[in-house]
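Peer 1: whatever this is, show me its structure:
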Amino acid sequence: MDEYTFTENFNNQGWPSKTYLCYEVERLDGDATIPLDEYKGFVRNKGLGQPKEPCHAELYFLGKIRSWNLDRNQHYRLTCFISWSPCYDCAQKLTTFLKENRHISLHILASRIYTHNRFGCHQSGLCELQAAGARITIMTFEDFKHCWETFVDHKGKPFQPWEGLNVKSQALCAELQAILKTQQN
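Peer 2: Next up, the predicted model:
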């Protein structure tokens, strides 16, 4: 991914219309984790007016995972850095996937919280996803830096945080914790 695309879509201050999902996979072997670099990359959603049917980034990602045919006798951790947290429908599909694939754990780190649905469905979707075993957190400076270093063609430039990154991350973290806490009550 180029520098502009990353900053435009992962800057937690903005409201981009696209969703990008960067992913990496590790095989868990006891206390050790083994990165599987062949399963590292990014996908983005396809909106109306683009080739092929509209599709959310999470659904593209699920299609990729299924094509990998990960060994059910091994344990894997999928880590996703996503520009928007999953909508209700995507959270439901991820929940179903986790229930059907107990050998896979999922950690989602979101740049911002998707709140487009005014009925709060996104909140229940995130709670159900967490209940299925997914770990859901908000991206911090270190996470943005990791994405920059791992997924961006930065041409040797270090990650430059934007103004307000930490304050916005902390506010979003508190908001996400409040959402996920409602499930536990």
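
Peer 1: for residue 136, see how far away residue 56 is.
Peer 2: The spacing between residue 56 and residue 136, counted by Cβ to Cβ, to the nearest Å, is 16 Å. Bear in mind the C-beta positions are built from the backbone N, C-alpha and C, glycine included.

Peer 1: revised request: answer the last question for residue 181.
Peer 2: 12 Å.

Peer 1: between those two, which one's more packed in?
Peer 2: Between residue 181 and residue 136, counting by other Cβ atoms under 10 Å, residue 136 is the more crowded of the two (22 against 10).

Peer 1: and after whatever helix or strand the more buried one lives in, which helix or strand comes next?
Peer 2: Following DSSP states H and E, one finds residue 136 within strand 135-138. Heading C-terminal from strand 135-138, the first helix or strand you meet, by DSSP H and E, is helix 141-151.

Peer 1: would you tell me what the next helix or strand after that following helix is?
Peer 2: Per DSSP H and E, the first helix or strand lying C-terminal to helix 141-151 is helix 165-184.

Peer 1: show me where the chain has its strands.
Peer 2: Under the criterion DSSP state E, strands of the chain are mapped to 20-29, 32-44, 75-82, 104-110, 135-138.

Peer 1: show me what the second one is packed against.
Peer 2: This means strand 32-44. strand 20-29, helix 57-68, helix 141-151 (3 or more Cβ pairs under 8 Å, 6 or more residues apart in numbering; DSSP states H and E).

Peer 1: who's in contact with that strand?
Peer 2: Residues outside strand 32-44 that contact it (Cβ atoms under 8 Å, 6 or more residues apart in numbering) are 1, 9, 18-28, 57, 60-61, 64, 68, 76-77, 150-151.

Peer 1: one more: the last one?
Peer 2: Strand 135-138 has contacts (Cβ under 8 Å, 6+ apart) with 85, 105-111, 113, 126, 129-130, 169, 172-173, 176, 180.

Peer 1: and the closest residue to residue 155 other than its chain neighbours, how far is that from residue 115?
Peer 2: Spatial nearest neighbour of residue 155, chain neighbours left out: residue 3 (7.8 Å); criterion: Cβ to Cβ, 6 or more residues apart in numbering. For residue 3, the distance to residue 115 equals 27 Å [Cβ to Cβ].

Peer 1: one step back: local confidence estimate at the residue nearest to residue 155?
Peer 2: With respect to pLDDT, residue 3 scores 96.

Peer 1: I figured it hits residue 156, correct?
Peer 2: No. Assessed by Cβ atoms under 8 Å, residue 3 is found out of contact with residue 156, at 11.2 Å.

Peer 1: of the contacts of strand 32-44, keep whichever come out buried.
Peer 2: Buried by 16 or more other Cβ atoms under 10 Å: 1, 9, 19-27, 57, 60-61, 76, 151, out of the contacts of strand 32-44.

Peer 1: mind picking the two most distant members of these?
Peer 2: The largest separation in the buried ones among the contacts of strand 32-44, counting by Cβ to Cβ, is between 9 and 27 at 28.8 Å.
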